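A.B. asks: quick one: sequence plus predicted model below, questions after.
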Amino acid sequence: MITLWHFLGVGATLFALGLVGFLTRRNLITMFLCAELMLQGVVINLLAFGRFHGTLSGQAMGLFVITVAACEAGLAMALFLMLYRRGKTLDSGDWQQVRETGVPAATDAVPLPLPPADDEPKLPVPGLRPEQVAAPFPESSRA
Amino acid sequence: MPDPLSPIGLSLIAVTLPLLGSVLSALCGAARLPRLAHMPAVLTFAAAGVISGYVLFTLAGGKDPLSYKAELGTWFTVGDMKVPVAFHLDSLSLIMLSTVTFIATFIAVFSASYMKGDDGFARYFAVMGLFVFAMCLLVTSNNFFLLVAGWEGVGLCSYLLVGYYYTKPSAAAAARKAFLVTRLGDVGMILGIFWLWKFGGYHSNIDQLVDHITHQPPAADQITLCCLLLFCGAVGKSAQLPLYVWLPDAMEGPTPVSALIHAATMVTAGVYLLARTAPLFALSPTAQIVVTIVGGLTALLAAFIALAQYDLKRVLAYSTVSQLGFMFMGLGCGGAIAPNIAVTAAIFHLFTHAFFKALLFLGSGSVMHAMGNVIDMRKFGGLRKLMPVTHATFLIGSLALAGFPLLSGFWSKDQILTALHDAGTGRSVFHGYYYTVYLVACLTALMTAFYTFRAYFLTFWGEERVPHEAHGHAHESSPAMTIPLVILAVGALAIGAVVDPLTHWFGHFLERSPVLHHADEAFHKTTNMSVGHHAFNVTVAAISSVLSLAGIGIAAMLYRKGGPEKVPTVLKPVFALSQNKAYVDEVYGATVVLPAETAASGSGQFDGFLDALARLISFIPRFLGAVLRPLQNGLVQFYALGMVLGLAVFLTVVVLRSGR
Amino acid sequence: MSLDINNPILQLILATMLGGLGVFFLLPRPRGRWVAGGVALVLCGMGTLAAFLITRFGQPLAASDAANIDWVGSGLFWLFAAGAIVFGMVLVTQRNPARGAIAFAFVILSTCGLFLLLAAPFLMAATIIIYAGAIIVTFLFVLMLSNVRTASDENDRSREPLLGALAGFAFLGLVLFTLHSSEADSTGPEALLTSIERVRLTEAVSKLDAGEADEANNLVNDVLVNRVDGKPTVAQRLASHDADPRVAAFLAQTIELRKSNDKVFNAQNAADKSKAAAALRPELIVYLGNGHLPARNVANLGTVLYSEYLLAVEMAGTLLLVATVGAVAIAGRRNPAKEVPA
């Protein structure tokens, strides 16, 4: 028999996962999705309680949650777009100007892995004269 | 509101005029008309002088008690206490008012010429007007609140005028000294006023207060203490031992200021205070004898110091201290003979002294003006041909100060000496003390004559010497300066004889003051002695004349040829002692200033310790801040993490508590 | 507390610790990401969580009446729950946001399955429609703005992975512990009505609708008074739990229902009978509705929204409008740095 408590457990787990993602991930889009994940956990909670009490209020609340989530999504996307225009990045760690004066900016100690070496042959850049190793013709012939 | 044409109304106009002059002078300075700044002051002082003189003469005849009162509304109300702006005009305040405004007028005229071209011309006359106003307020007020206001106003203005050349460190120091030393006395005075207020049935007006106390006198030692506390204020303001030290230093101000302080305003305030409260002093013979002894000691010490000073103004300054000592000696006699005689003698001396001391100071100012601001008598001499008017007037002033027979100073000093003599030979418990003080006063009179004429001879006799600071244009001063000298000289010459010994006008007029009447009553009640009247004592007058002439003679013998200083070898140490002002400043330095400085530096150390402690305490939040500051790293995710961790801890506590 | 493997507290702690550790290992970072171990730990954690739920709140396949085991319901629940959690885990730990969006789509599908199990078909449909749009938009953004081919700060780094995982899973542990302690007595009834009783009563409702009042009366009587197939009646079955207020209220309702049923039986003429039957029907519906939502979900939800929650619905609409205006205002600026201040 599946009871209320089973649903509550699943909802709590989803909420916790979203929380972890929101706190640790640095991509603004991923953070937004994690926030949505938390909302899903909450909606499950509401529906489970609604069913347990045999009312439809839980479902109504769930609808409102989805409404708020839609608003949030619209605004969040607009903000991401503007932030991206300013900083050309989606890294939430780039926006840290509100720190205490005298505190150094947070930097990442470990370097990022280099992109894998490119095995493809390199073509010369079009429109530019390739670098000459040795002059094929005598100087006078140029004129 | 009194009728403006009644005596009290006119007097109040006379009181207010200097204030108006002060404001107008200040406005002249503000309106970029500083050259005209002397006009309002001179004109208002003159007008005030004329008005008060007119009131004086209209009231001069008659024998009725002379007392006019006026209240110009309420100053302030505190609880049940209502303090009115109350004025009281009697013969005492009328004489003071006339003297102050009259002398101030001539000093202002003199100053207009003396201070010409100075940067602070307008400021000078504005403060001077305020000074005269404060003094007038002081002598006409009928309650202690207004009196203290005038008293402190006088102190403030003396600070401003003594420190007139405020860029000069010595002037600034002298101003500070004058202010602080007089304040020391004021503390006692204000305590005394508080106590009097309690004894006096909490009346705010002086006449009601005095009435209350004379009818229901408190215990003898209480009234004595009260009187002595009041006397403290007088000691500070009127430069008596031990608080006289500010007055010689006050020479740092412009010379007319010295004339104003010494002759008309400021130093006479203490004498006036004691005269005004004479009924209270009459209740306490002990306080009176203290006043006399302090006056005697001051007179003697100041005269002694004046013997060997080279600074002309300093000689005059110490002579002022000494003459004030005479006034207090006279006031103190009220405990042994009738207070009206004592107060009359003191106020009479104040009156004549105002003339000749103003004259002497203005004369010295004239000399100083001609000598290029040099005042050291060793650097000039033989000026009698160069400055004939100044010489003549200075001679008259010196004769008056020395008590030369028949001049103003002789008559007033004789009254004081007679009073002392009578007290010393009377039935008083303290007659021994009084007689001793009488002898001291005689000695002081001799010394006064000597040092006055020493200064006179050193300045005007001998071969003509002019200091190079005069730049070769040493000459007689302009008429604007000499005319006041001449007028004051006439006063010094004749006014003493005219107003009292010949006409007895002064004494009779002063007796009409209800204050003296109350004082006599209280004296009679306290000592059971009958109230006598002043009588001319030929013996005392003769002794005084002989002493005066002897002093002048010795000075002429030693200094007739002018400088340099001639001192018999035997008297060298005495001379040195006098020249070093009897080491009073040094003694004060060792006994008062040094301990105070030690205490101050100790307090400074302790303050530093407290500061260190405070810094230590303040270091704790700073340290915590430094530790916690990196947490504010601007990363919003990091903040959210902190919130969630905090929430987790909080929820853990809640869940575990409710789960049990 | 002994270290018994069946101890729910131990399972709870173990589940959160394993899950947290697994997520910590799986979170993206330039160096030291241990995918295999993380996955293993997360799976172990999920297993322990399932064990905890089963130990504590009842085995899905061990109903009181073995004949009526809800195989389908239980199976679907476990399927959707596992799907939601697994794909949520993928969303959190996946370094590529595009794949994260796909995972989120699966999370939505799984939760929609759970919504169905919770008798909310309308919400399920709405969620799928709305989130499909949301996810497509997200996808567009990822394509537009994010560079996933090379390593980047936003995708390959985590902010405080250890502390973040600790915070999140501590929270989870707390919630689970609260669940554990809030249903402390396991003596409560599994359900107010057994499935066979429910079937009989539903049958009674349909008989009433068909106008066969006596048949319905008999069916209700069977459930409430007679022992159906030798089983105890409702009142007998719940008598031991009457301390529970919910059970007590249900028992009171049972008595009322029995009285109404008796009125149908005692009716003298046809008019009285049909009147009593009409009164019995809504009572029976309410009685059946205990713990179960009515059918016709959309119609009922609409009634609730536009009656009880009318103001809130209007407010939600306004909110959407405002958010739209705000989003346009924020995103509409071409280059905020070059804007001349008014």
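C.D. replies: Perfect, thanks for sending it. Residues are numbered from 1 along each chain as shown, chains lettered A, B, ... in the order given.
A.B. asks: helices or strands next to the longest helix that chain A contains in the packing?
C.D. replies: Among the elements of chain A assigned as helix by DSSP state H, the one spanning the most residues is helix A:57-87. Packing partners of helix A:57-87 (3 or more C-beta pairs under 8 Å, 6 or more residues apart in numbering or on different chains; DSSP states H and E): helix A:28-53, helix C:121-145, helix C:297-307, helix C:310-332. Every residue, glycine included, has its C-beta placed from N, CA and C.
A.B. asks: most tightly surrounded among those helices?
C.D. replies: Burial of those is given as mean neighbour count (mean count of other C-beta atoms under 10 Å in any protein chain shown); helix A:28-53 ranks first at a mean of 23.
A.B. asks: so is it next to chain C?
C.D. replies: Yes: remark: helix A:28-53 sits within contact range of chain C at A:28-30, A:32-34, A:36-37, A:40, A:43-44, A:47-48, A:50-52, by C-beta under 8 Å from any C-beta of the partner chain.
A.B. asks: and the helices in the stretch 351-500 of chain B?
C.D. replies: In the stretch 351-500 of chain B, the segments counted as helices under DSSP state H, counting those that start in this stretch are B:388-402, B:408-425, B:431-460, B:479-490, B:496-497.
A.B. asks: okay, now the unreliable bits of chain A?
C.D. replies: Counting by pLDDT under 70, the low-confidence segments of chain A come to A:1, A:53-54, A:116-118, A:130-143.
A.B. asks: nearest to chain B: which residue in it?
C.D. replies: Proximity of chain A to chain B (C-beta to the nearest C-beta) peaks at A:Arg99, 2.9 Å away.
A.B. asks: circling back: of all the helices and strands packed on helix A:57-87, which one is nearest B:Leu191?
C.D. replies: Between B:Leu191 and the helices and strands packed on helix A:57-87, the tightest spacing by C-beta to C-beta is seen for helix C:310-332, at 74.9 Å.
A.B. asks: for the closest one, name the packing helices and strands.
C.D. replies: Of the remaining helices and strands, those touching helix C:310-332 by 3+ C-beta pairs under 8 Å, 6+ apart are helix A:57-87.
A.B. asks: tilt between the helix it packs on and helix C:121-145?
C.D. replies: Angle, helix A:57-87 to helix C:121-145, by axes from the mean of the first three to the mean of the last three C-alpha atoms, to 10 degrees: 10 degrees.
A.B. asks: before we move on, the earlier item: got the contact list for the spatially closest residue to the residue of chain A closest to chain B that is not a sequence neighbour?
C.D. replies: Take A:Arg99 and drop its neighbours on the chain: the residue closest to it by C-beta to C-beta, 6 or more residues apart in numbering or on different chains is B:Gly634, 2.9 Å away. Residues in contact with B:Gly634, defined by C-beta atoms under 8 Å, 6 or more residues apart in numbering or on different chains, are A:Trp95, A:Gln96, A:Gln97, A:Val98, A:Arg99, A:Glu100, A:Val103, A:Ala105, A:Ala106.
A.B. asks: which among those count as buried?
C.D. replies: Of all the contacts of B:Gly634 considered here, the ones buried according to neighbour count by 16 or more other C-beta atoms under 10 Å in any protein chain shown are A:Trp95, A:Gln96, A:Arg99.
A.B. asks: and residue 79, how many neighbours?
C.D. replies: Since you didn't name a chain, this refers to chain A. By the measure other C-beta atoms under 10 Å in any protein chain shown, the count of residues near A:Leu79 is 16.
A.B. asks: ah, I was thinking of chain C
C.D. replies: Summarising burial for C:Leu79: neighbours were counted as other C-beta under 10 Å, giving 13.
A.B. asks: distance-wise, check it relative to A:Val10.
C.D. replies: As judged by C-beta to C-beta, to the nearest Å, C:Leu79 and A:Val10 stand 12 Å apart.
A.B. asks: circling back: which SS state does the residue nearest to A:Arg99 fall under?
C.D. replies: Under DSSP: H, G, I helix; E, B strand; the rest coil, the three-state class of B:Gly634 is coil.
A.B. asks: hang on, B:Ala342 in a helix?
C.D. replies: Yes: with three-state DSSP as the criterion, B:Ala342 is assigned to a helix.
A.B. asks: quick one: residues contacting it.
C.D. replies: For B:Ala342, the contacting residues are B:Ala278, B:Gly330, B:Leu331, B:Gly332, B:Cys333, B:Gly334, B:Ala419, taking C-beta under 8 Å, 6+ apart as the criterion.
A.B. asks: quick one: the strands in chain B, in order.
C.D. replies: Taking DSSP state E, the strands of chain B run over residues B:67-78, B:81-90.
A.B. asks: list, one by one, the residues from chain A near chain B.
C.D. replies: A:19, A:22-24, A:26, A:31, A:92-93, A:95-100, A:102-103, A:105-106.
A.B. asks: next step: those residues restricted to helices.
C.D. replies: Residues of the residues of chain A next to chain B located in helices (DSSP H): A:Leu19, A:Phe22, A:Leu23, A:Thr24, A:Met31.
A.B. asks: what does stretch C:198-210 contact?
C.D. replies: So stretch C:198-210 is contacted by C:193, C:213, C:215-216, C:219-220, C:222-223, C:228, C:277, C:280-281, C:284-285, C:287-288 (C-beta under 8 Å, 6+ apart).
A.B. asks: list phi and psi for the closest residue to C:Asp156 other than its chain neighbours.
C.D. replies: The shortest distance from C:Asp156 to any residue that is not its chain neighbour, by C-beta to C-beta, 6+ apart, is 5.3 Å, and that residue is C:Pro28. The phi and psi torsions at C:Pro28 (degrees, to the nearest 10) take the values phi -70, psi 140.
A.B. asks: can you pull the contacts of residue 6?
C.D. replies: As the question left the chain open, I've gone with chain A. For A:His6, the residues meeting the contact criterion (C-beta under 8 Å, 6+ apart) are C:Leu53, C:Phe57, C:Phe77, C:Ala81.
A.B. asks: correction: the question concerned chain C.
C.D. replies: Applying C-beta under 8 Å, 6+ apart, the residues contacting C:Asn6 are C:Thr55.
A.B. asks: sec struct for it, please.
C.D. replies: Remark: C:Asn6 carries the secondary structure label coil [criterion: three-state DSSP].
A.B. asks: look up how far C:Arg56 lies from it.
C.D. replies: Using C-beta to C-beta, one obtains 10 Å as the distance from C:Asn6 to C:Arg56.
A.B. asks: and A:Gly50, by the same measure?
C.D. replies: Counting by C-beta to C-beta, the gap between A:Gly50 and C:Arg56 amounts to 22 Å.
A.B. asks: hang on, isn't C:Val107 packed against C:Val92?
C.D. replies: No: if you go by C-beta atoms under 8 Å, C:Val107 and C:Val92 don't touch, sitting 10.3 Å apart.
A.B. asks: any shared contact partners between the two?
C.D. replies: Contacts common to C:Val107 and C:Val92, judged by C-beta under 8 Å, 6+ apart, are A:Leu37.
A.B. asks: what parts of the stretch 101-250 of chain C come near chain B?
C.D. replies: Among all residues of the stretch 101-250 of chain C, those adjacent to chain B (criterion: C-beta under 8 Å from any C-beta) are C:159-160, C:163-164, C:166-168, C:170-171, C:174, C:177-178, C:181.
A.B. asks: now the buried members of these.
C.D. replies: Using 16+ other C-beta under 10 Å, the buried members of those are C:Arg159, C:Glu160, C:Leu163, C:Gly164, C:Leu166, C:Ala167, C:Gly168, C:Ala170, C:Phe171, C:Leu174, C:Phe177, C:Thr178.
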